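Chemist: With the sequence up front, the predicted model follows.
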Amino acid sequence: MTNDDIELLGLMAALLLDCDNSQTYSNYPAGGAVLSQSEAHKLLILLEEFASSKKFVEGAYFVERLAGGADVYDPSIREIYLSWRKRQGRSRAMASVHWRNFINRLGVVRERSGYLTGGHLIQAERMELDYFIKMERKLLSSTGLKPRVVELLMSFVEARTQALEKIRDRDYRQNQISLKIPLNEIIHKIRSSRNKMDSTPPLSANQISAVMIIVADFSVLFTTRDWDVCGTMSSIAGAIPHSAGLP
């Protein structure tokens, strides 16, 4: 995770805690300036840089296509996965096996582990939700975020596991998943309110949580066998509220 990622998450965490305090304490002063003008400006810059980065643009397409029911053997999706593996210093040797292992662990296809394909054995089982949750907590706890922020983000993810499982099973009725919508919404609201000195953008806890989850998980996407799958699953969860109408 880069310094920019950590700074972005820290600024977003201040907004998330403000939402949490406003909901917890009836006498909490809502609408105060949680971030200074310079902090809000810095947050806007970091969000815009993240939204325009090659990894987010390609990664969002990758995640959205898998979540939207695209053919898992679509060469454009497969190539994004393999090319980012290579950028992270991982070998492209036995590319077909790596890809089949990934889609099996993600759970969008189910081939029995040990099934012989193309002369190679598939050695991957569908990642269990309990393991995914454990990995997500490990990632968020490693960022230096306050324990309360980690709990709020984990509650956000856990509330979406049922919808996430339907997406993995390709048995769902949601509209097309979009990772760009929550990010663009926050960028628009911060940009619109940056000249107001006495208030913060009218953001919901879900909007903030969605973006924080996406930023955190894109920092580890395509880095290891576990994080390939966990990062994809969690990024999907970050976009679910905007597609499934969850509260």
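Modeler: Right, received. Where do you want to start? Numbering: from 1, shown residues only.
Chemist: Leaving out sequence neighbours, find the closest residue to residue 212.
Modeler: residue 12 (5.0 Å; Cβ to Cβ, 6 or more residues apart in numbering). Just so you know, the C-beta spots here come from the backbone N, C-alpha and C atoms, and that holds for glycine as well.
Chemist: Please report the distance of that neighbour from residue 78.
Modeler: 32 Å (Cβ to Cβ, to the nearest Å).
Chemist: neighbour-wise, which of the two wins?
Modeler: residue 12 (25 against 20; other Cβ atoms under 10 Å).
Chemist: if I've got this straight, the more buried one is in a helix?
Modeler: Yes: counting by DSSP: H, G, I helix; E, B strand; the rest coil, residue 12 is part of a helix.
Chemist: ok, it touching residue 213?
Modeler: No: here residue 12 lies out of contact with residue 213, judged by Cβ atoms under 8 Å, at a distance of 10.3 Å.
Chemist: Do you have the strands of this structure handy? List them.
Modeler: 116-117, 120-121 (DSSP state E).
Chemist: Which of those comes out lowest on mean pLDDT?
Modeler: Lowest mean pLDDT within the strands of the chain: strand 116-117, at a mean of 52.
Chemist: if I read this right, residue 103 contacts residue 109, doesn't it?
Modeler: Yes: under the criterion of Cβ under 8 Å, residue 103 makes contact with residue 109 at 5.0 Å.
Chemist: shaky segments in this protein?
Modeler: 22-33, 92, 110-123, 172-176, 194-201, 241-247 (pLDDT under 70).
Chemist: all helices of this protein, in order?
Modeler: Under the criterion DSSP state H, the chain contains helices at 3-24, 37-52, 54-67, 75-87, 95-106, 129-141, 147-158, 161-168, 180-193, 205-218, 225-239, 241-244.
Chemist: which residues touch the residue nearest to residue 212?
Modeler: Residue 12 makes contacts with 43, 208, 211, 212, 215, as judged by Cβ atoms under 8 Å, 6 or more residues apart in numbering.
Chemist: can you check residue 9 too?
Modeler: 143, 145, 212, 215, 216.
Chemist: Okay, it and residue 48: tell me how far apart.
Modeler: 16 Å.
Chemist: Name the nearest residue to residue 164, ignoring sequence neighbours.
Modeler: Nearest non-adjacent residue to residue 164 (Cβ to Cβ, 6+ apart): residue 237, at 5.3 Å.
Chemist: so that neighbour touches residue 213, yeah?
Modeler: Yes: when contacts are counted by Cβ under 8 Å, residue 237 is listed as touching residue 213 (6.5 Å).
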